[in-house]
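> task: produce atomic coordinates for the following.
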Amino acid sequence: MSPTNKSSRKLLLNPGPVTLTERVRGALAREDLCHREPEFVELQRDVQARLARVYPEAEKDYEAVMITGSGTAAVEAMVGSLVPADGKALVVVNGVYGERIASILAAQKKPYVTVTGDWTRPFDLKEVEKKLIADPAITHVAAIHHETTTGRLNRVDQLGALCRERNVSLLLDTVSSFGGEEIRFDEWNLEACAATANKCLHGVPGMAFVLARKRAFTERKSGATSVYLDLYKHQQHAASGYPPFTPAVHSLFALQEALGELEEAGGWRARHERYAALSRQVMVGLRELGIELFLESPEVYSVILASYKMPSGLSYELLHDTLKDAGFIIYAGQGSFAGTIFRISTMGALTAADMDRLLAEVRKVLETAR
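I've put the predicted structure just below:
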């Protein structure tokens, strides 16, 4: 049965969860396992080791701390635990997810300041530098690597260089980039990054993690104000092999399988190139149909997701619903961009043939709308 048939399985072009391979889906049917058994210890340690070597540079000095929850749970555990009680964060905001980090710090009543820019523009690094110079109490900078509000891949290389120059640690939300974009751990002065199983790693929702510099857990006490999202608690329990709370065991099975697939396919660089090819294919195809990119140029986007202007005379609801009937799930704009843009992600078990079918269906929608 064709993937574009209305009764077929839908292909997910949203920024997670992703379309799964049969191997990963099959991992969810593995035998039930108690998380207090030695077999679970073996499973968790294997996944932690695989996560730490997704980026070989990180394998020696960083460790993966697993948390059952969404990517936001990992981000909240990261900033809540690693920004100490007597510390202060500077949050760089150019989209929904930068604002979310600020809201997390506000809820935790931790000192923070923001550098907030237009959601269609890159980081204002000059303003970041000014605030770092003016406020020596700032211990951490927190930012988004891939801001999926628009699909912009933020210039973390420049931000990281600034953090290193000012001797300030960087905490990075890599929820939508880990496994698909380059991350330079040492060069960016990266203390930790937060991510999830169900995006570029092609696992399922339920497991998230923080890849943190090992020495962070010995240099200072946890700054956590949460019982569940205390990263130090999860790290200390993981040393014994057993988690402090009941984990999503089958999500961990699926992540183990997904990480195996990533390694077999050539690692994050090969996945990056695969995403890039699919992204270029969609960008070129939509441009030929008269659909424009939302941001200023193709170069500012990640290879993972791009945002497009809604064609004149066509509503997002009509575009979404028609494509859904054809077997494709696209994604709406957020905040003030709702109704004016749509987004397409190339994560997951997708092929060039899938993208050809997508473009053919978009053409049909446009012809009907005219």
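> now the helices: where do they sit in the stretch 151-300 of the chain?
Along the stretch 151-300 of the chain, counting by DSSP state H, counting those that start in this stretch, helices occupy 156-166, 216-219, 231-240, 249-264, 267-288.
> out of the ones you listed, flag the one nearest P15.
Nearest of those to P15, taken as CB to CB: helix 267-288 at 11.8 Å. For every residue, glycine as well, the C-beta is placed using N, CA and C.
> re earlier: and the helices of the stretch 151-300 of the chain as a markdown table, adding mean neighbour count and distance to K324?
Converted to a markdown table, the helices of the stretch 151-300 of the chain look like this (neighbours: other CB atoms under 10 Å; distance: least, CB to CB, whole Å):
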| stretch | mean neighbour count | distance to K324 |
| --- | --- | --- |
| helix 156-166 | 18 | 34 |
| helix 216-219 | 14 | 44 |
| helix 231-240 | 18 | 38 |
| helix 249-264 | 21 | 25 |
| helix 267-288 | 17 | 17 |
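> got JSON lines for the ones you listed, with distance to H35 and mean pLDDT too?
As requested, those are exported to JSON lines (distance: least, CB to CB, whole Å; pLDDT from 0 to 100):
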{"stretch": "helix 156-166", "distance to H35": "35", "mean pLDDT": "96"}
{"stretch": "helix 216-219", "distance to H35": "22", "mean pLDDT": "95"}
{"stretch": "helix 231-240", "distance to H35": "11", "mean pLDDT": "94"}
{"stretch": "helix 249-264", "distance to H35": "6", "mean pLDDT": "99"}
{"stretch": "helix 267-288", "distance to H35": "28", "mean pLDDT": "99"}
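> quick one: those as TSV, columns for distance to A369 too.
As requested, the helices of the stretch 151-300 of the chain are exported to TSV (distance: least, CB to CB, whole Å):
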stretch	distance to A369
helix 156-166	39
helix 216-219	53
helix 231-240	49
helix 249-264	38
helix 267-288	15
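> out of those helices, which comes closest to F40?
That would be helix 249-264 among the helices of the stretch 151-300 of the chain, by CB to CB, at 6.9 Å.
> how far does the closest one sit from its chain's centre?
Put simply, helix 249-264 sits 17 Å off its chain's centre (CA atoms, centre = their mean, to the nearest Å).
> against which helices or strands is it packed?
helix 22-27, helix 38-52, strand 207-213 (3 or more CB pairs under 8 Å, 6 or more residues apart in numbering; DSSP states H and E).
> could you list the buried residues of stretch 174-188?
Buried residues in stretch 174-188, counted by 16 or more other CB atoms under 10 Å: T174, V175, S176, S177, F178, G179, G180, E181, I183, F185, W188.
> my bad, should have said stretch 16-30
G16, P17, V18, T19, L20, V24, A27.
> any low-confidence regions in the chain?
Residue ranges of the chain with pLDDT under 70: 1-8.
> break it down into its structural domains.
Domains of the chain are assigned by automatic domain parsing as 11-20+267-369, 23-264.
> pick the most buried one from the ones you listed.
domain 23-264 (a mean of 20; mean count of other CB atoms under 10 Å).
> from start to finish, how long is it in a straight line?
13 Å (CA to CA, to the nearest Å).
> circling back: greatest separation within the buried residues of stretch 174-188: which pair is it?
S176 and F185 (17.9 Å).
> that older thread, of the buried residues of stretch 16-30, which is the nearest to T196?
So of the buried residues of stretch 16-30, ranked by how close each gets to T196 (CB to CB), first place is G16, at 7.2 Å.
> quick one: contacts for that closest one?
G16 makes contact with G71, S176, T196, N198, K199, P205, S345, M347 under the criterion CB atoms under 8 Å, 6 or more residues apart in numbering.
> repeat the analysis, applying 7 Å as the threshold.
By CB atoms under 7 Å, 6 or more residues apart in numbering, G16 lies in contact with S176, N198, K199, M347.
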